[in-house]
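Visitor: Below is the sequence, then the predicted model.
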Amino acid sequence: MQADYVIIGSGSAGAAMAYRLSEDGKHSVIVLEYGGTDAGPFIQMPAALSYPMNMARYDWGYRSEPEPHLGGRRLATPRGKVIGGSSSINGMVFVRGHAMDFDHWRESGAAGWGYADVLPYFKRMESWHGGDDRDSSWRGADGPLHVSRGPRANPLFDAFVEAGAQAGFEMTPDYNGEKQEGFGPMEHTVWKGRRWSTANAYLKPALKRSNLTMVRCLARRIVIENGRATGVEVERRGGKIETVSANREVIVAASSINSPKLLMLSGIGPAAHLVGHGIDIVADRPGVGQNLQDHLELYIQQACTQPITLYKHWNLFSKALLGAQWLFFKKGLGASNQFESAAFLRSKPGVKYPDIQYHFLPIAVRYDGQAAAEGHGFQAHVGPMRSKSRGEVTLRSADPKDDPRIAFNYMSHEEDWADFRHCIRLTREIFSQPAFDPYRGKEIQPGDAVQSDEALNDFIRDHAESAYHPCGTCRIGAADDPMAVVDPQCRVIGVDGLRLADSSIFPRITNGNLNGPSIMVGEKASDHILGKAPLAAENVEPWINPDWETADR
């Protein structure tokens with residue numbers, strides 16, 4: 001079996017590349033995907049988001065190594081094992097990131113990846129349904145990815161935004177447009193009541209073309225001959241091992257966890273580590289698996305004195321009614337991920353652009369689906385955006401079926417602790433505003449007794465959770481950068497005919513959820529792979545708080 005291009009992974013970037021590389025019909029494309037179908041309500045119903053990431057059928061089930069700064073806890077690291085990858089099991093929140101995130105990429109060696117360069121790809125990929133006042137300078141109108149907003153019918157969504165204004169913070173009508181900073185509506189990849197994953201947006205339409213084929217298999221290693229990638233060794237269902245050949249290029253898009261694992265299994269990575277596992281060295285790239293980053297967050301929970309939260313639906317009978325309404329009409333509470341208000345804030349004077357993110361939810365729950373025992377409540381997910389802590393992904397063995405070792409090294413930088421304590425106190429300030437007076441009960445967690453730095457640190461250590469945004473393990477940079485893994489055209493340095501494009505290439509984590517920028521990477525990489533001139537840069541000026549040097553709000 002062979003094709004011009006062989007893509008490993010059908011996730012956020014992989015599906016976008018499958019769509020674009022097969023678009024003109026001139027090239028044959030094979031997508032290798034280990035996961036199965038995304039059919040069924042657990043994935044397609046937005047409100048059911050907590051289910052697929054806790055199901056072995058859809059999730060690789062990875063966990064971190066014991067994290068030394070979090071009391072030895074092993075944190076869940078969900079990655080999608082299904083068509084659409086993690087876009088089929090995530091929370092569907094859509095955030096591009098701040099313009100200055102991408103300018104930092106450019107300044108760190110990723111030439112051609114500044115905000116002016118990536119903005120046209122964000123616009124190309126999206127169809128925005130945020131209102132009638134779409135500004136074409138910032139938002140797209142006819143891309144495959146539908147981006148919409150929830151109805152914000154619950155009064156708590158407005159209370160959260162109003163409380164932000166009362167606390168003296170900025171407001172923003174569109175954090176993905178000119179102005180990220182402030183409180184406002186949250187956006188999600190939901191369309192006509194369904195999860196609009198990259199499987200729905202890109203892969204399924206592309207599979208209708210005769211020049212695109214998807215093969216269900218486990219990618220074991222990249223076949224490299226005389227310094228050039230020529231194909232992928234795969235294991236088919238039933239245990240048969242064969243090679244899928246690439247006439248032009250092999251493209252890795254297997255996630256920030258599996259992409260570095262696959263490179264290392266193929267002899268591309270830190271030489272001493274590969275030799276230790278008996279793997280022949282093809283290219284000594286010490287940056288493979290390094291630079292691992294993620295967002296941590298806390299759930300700050302408050303009891304609600306009125307029975308208006310989603311808790312009233314947290315029973316089998318109500319869930320069945322909501323499920324039936326969604327199944328037959330694609331409407332109702334089942335048609336939203338329930339993250340409908342958000343905020344991006346600066347933590348202190350001297351911070352030029354937001355470094356704290358909020359998701360607001362009108363129920364007190366965890367991602368594992370456990371509701372708070374207190375009943376009616378609401379919560380804010382809050383966390384710093386640009387931690388200096390770094391981890392790594394390494395091999396556990398040379399067996400492709402063994403999980404990699406994932407060590408985030410969370411909270412290893414002293415600033416992380418001060419940043420999280422500030423997030424807790426800031427959330428308390430927001431929840432104390434008059435907008436919440438009709439609804440505010442007691443603080444569920446951390447709880448009123450948790451006030452001192454020491455007590456807050458204990459709470460953070462015991463309760464910080466991943467926001468499921470791992471990235472950076474095969475970072476992009478200049479070809480002469482010894483720690484870069486791919487060059488600015490997404491070519492793996494040291495091996496011909498091999499590209500890598502997914503969230504692995506991020507030099508530094510972006511501000512907010514990562515699905516949007518991961519899709520953008522696939523869109524932009526497609527033009528590099530096809531040898532097309534990149535879309536023309538668009539030099540728009542994002543809003544920066546004029547008082548950023550002296551004020552925190």
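Guide: Perfect, I can see it now.
Visitor: contacts, neighbours, all on C-alpha from now
Guide: Noted.
Visitor: Okay, buried residues for the longest strand seen in the chain please.
Guide: The residue-count maximum for a strand in the chain (DSSP state E) belongs to strand 212-225. Under the neighbour-count criterion of 16 or more other CA atoms under 10 Å, strand 212-225 has 212-214, 216-224 buried.
Visitor: Asp496 versus the residue of the chain most remote from its centre, what's the distance?
Guide: Distance to the chain centre peaks in the chain at Asn226, reaching 35.6 Å (criterion: CA atoms, centre = their mean). Here the criterion is CA to CA, to the nearest Å. By it, Asn226 lies 9 Å from Asp496.
Visitor: repeat for Gln302
Guide: Per CA to CA, Gln302 is found 55 Å from Asp496.
Visitor: what does the helix or strand hosting Met264 rub up against?
Guide: Under the criterion of DSSP states H and E, Met264 resides in helix 255-265. Residues from elsewhere that reach helix 255-265 (CA atoms under 8 Å, 6 or more residues apart in numbering): 9, 11, 79, 219-222, 252-253, 269-270, 274, 279, 288-289, 393-395, 398, 400, 404, 406, 470-474, 500, 502-504.
Visitor: Show me what secondary structure element comes after that helix.
Guide: For helix 255-265, the following helix or strand on the C-terminal side (DSSP H and E) is strand 268-269.
Visitor: avg pLDDT for stretch 240-250?
Guide: Average pLDDT, stretch 240-250: 98.
Visitor: Same check on stretch 537-553?
Guide: pLDDT averaged over stretch 537-553 gives 96.
Visitor: Repeat that for stretch 180-191.
Guide: On average, stretch 180-191 scores 98.
Visitor: first to last residue in that stretch, what's the distance?
Guide: End to end - CA to CA - stretch 180-191 spans 23 Å.
Visitor: same question, stretch 327-342
Guide: From its first residue to its last, stretch 327-342 covers 28 Å (CA to CA).
Visitor: Determine the longest helix present in the protein.
Guide: Longest helix in the chain, counting residues (DSSP state H): helix 414-431.
Visitor: How about residues contacting that helix?
Guide: 160, 163-164, 167, 300, 347, 356, 380, 382-384, 387-389, 411, 440, 453, 456-457, 460.
Visitor: follow-up on the earlier one: output the buried residues of strand 212-225 as TSV; include the columns distance to Lys179.
Guide: Below are those laid out as TSV (distance: CA to CA, whole Å):
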residue	distance to Lys179
Leu212	39
Thr213	41
Met214	40
Arg216	42
Cys217	43
Leu218	42
Ala219	42
Arg220	44
Arg221	43
Ile222	43
Val223	46
Ile224	46
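Visitor: returning to that earlier point: the longest strand of the chain packs against which elements?
Guide: strand 29-33, helix 204-207, strand 228-236, helix 255-265 (3 or more CA pairs under 8 Å, 6 or more residues apart in numbering; DSSP states H and E).
Visitor: If we use 6 Å, what do you get?
Guide: Applying 3 or more CA pairs under 6 Å, 6 or more residues apart in numbering; DSSP states H and E, one finds that strand 212-225 contacts strand 29-33, strand 228-236.
Visitor: Give me whichever of those is most buried.
Guide: Among the helices and strands packed on strand 212-225, strand 29-33 has the highest mean neighbour count (mean count of other CA atoms under 10 Å), at a mean of 25.
Visitor: For that strand, which strands pair with it and how are they oriented?
Guide: strand 2-8 (parallel), strand 212-225 (parallel) (DSSP bridges).
Visitor: The shortest one vs strand 228-236, what angle?
Guide: For strand 2-8 against strand 228-236, the angle by axes from the mean of the first three to the mean of the last three CA atoms, to 10 degrees is 70 degrees.
Visitor: so how far is strand 2-8 off the chain centroid?
Guide: 25 Å (CA atoms, centre = their mean, to the nearest Å).
Visitor: ok so, going back, out of the helices and strands packed on strand 212-225, which is closest to Gly150?
Guide: Comparing these against Gly150 with CA to CA, the closest turns out to be strand 29-33 (31.5 Å).
Visitor: Now that closest one - C-alpha only, CSV.
Guide: Output in CSV follows, covering the C-alpha atoms of strand 29-33 (Å, rounded to 0.1, in the frame of the first residue of the first chain):
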residue,chain,number,x,y,z
VAL,A,29,-3.1,10.5,0.7
ILE,A,30,-3.3,7.8,3.3
VAL,A,31,-4.3,8.5,6.9
LEU,A,32,-3.2,6.0,9.5
GLU,A,33,-5.5,6.0,12.5
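Visitor: coming back round to it: out of the contacts of helix 414-431, which end up buried?
Guide: Buried members of those, counted by 16+ other CA under 10 Å: 160, 163-164, 167, 300, 347, 356, 380, 382-384, 387, 389, 411, 440, 456-457, 460.
Visitor: thinking again about what came up before, what's in contact with the longest strand of the chain?
Guide: 29-34, 229-236, 262, 265-266, 400 (CA atoms under 6 Å, 6 or more residues apart in numbering).
Visitor: Out of the helices and strands in the protein, which is least certain?
Guide: helix 316-329 (a mean of 92; mean pLDDT, DSSP states H and E).
Visitor: Where does the prediction get shaky in the protein?
Guide: Flagging of the chain using pLDDT under 70 yields the residue ranges 367-374.
Visitor: Looking at Gln302 and Asp496 now, which is surrounded by more residues?
Guide: Neighbour count, other CA atoms under 10 Å: between Gln302 and Asp496, Gln302 has more, with 26 against 18.
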